[in-house]
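Undergrad: With the input below, show me the fold.
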Amino acid sequence: MKWLLSSAAMLLLAACSPQADKIYTVDELMADDGLLARIIGECRNNPGELRDTPNCRNAEAADGKLRLERMGKSLGG
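TA: Okay, the predicted model is just below:
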């Protein structure tokens, strides 16, 4: 009986906890322009809370890499 009550309590607590956002890699963000734009927009609209989150750091890195790639192509590289 104790096992059943503790299992039910754990299930209820797990259901009430906030869902964690998926952390995207730099490569995933470079491949999806819409997702990259959305994440960068969110990060720039709330830098105090989101600046140091993994998704914001990865989005900034992906944006920088894409800019360098575009610059290289425009220069004939």
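
Undergrad: May I ask you to confirm that residue 23 is in contact with residue 54?
TA: Yes - contact between residue 23 and residue 54 holds when scored by Cβ atoms under 8 Å: they sit 4.7 Å apart. (Each C-beta comes from the backbone N, C-alpha and C, glycine too.)

Undergrad: Scan this structure for its longest helix.
TA: Ranked by residue count under DSSP state H, the longest helix found in the chain is helix 54-74.

Undergrad: Local confidence estimate at residue 42?
TA: Residue 42 carries a pLDDT value of 95.

Undergrad: again with the one 4 residues further on
TA: Predicted confidence (pLDDT) at residue 46: the value is 94.

Undergrad: Return the distance of it relative to residue 53.
TA: The gap separating residue 46 from residue 53 is 10 Å, by Cβ to Cβ, to the nearest Å.

Undergrad: More neighbours: which of the two?
TA: residue 53 (16 against 12; other Cβ atoms under 10 Å).
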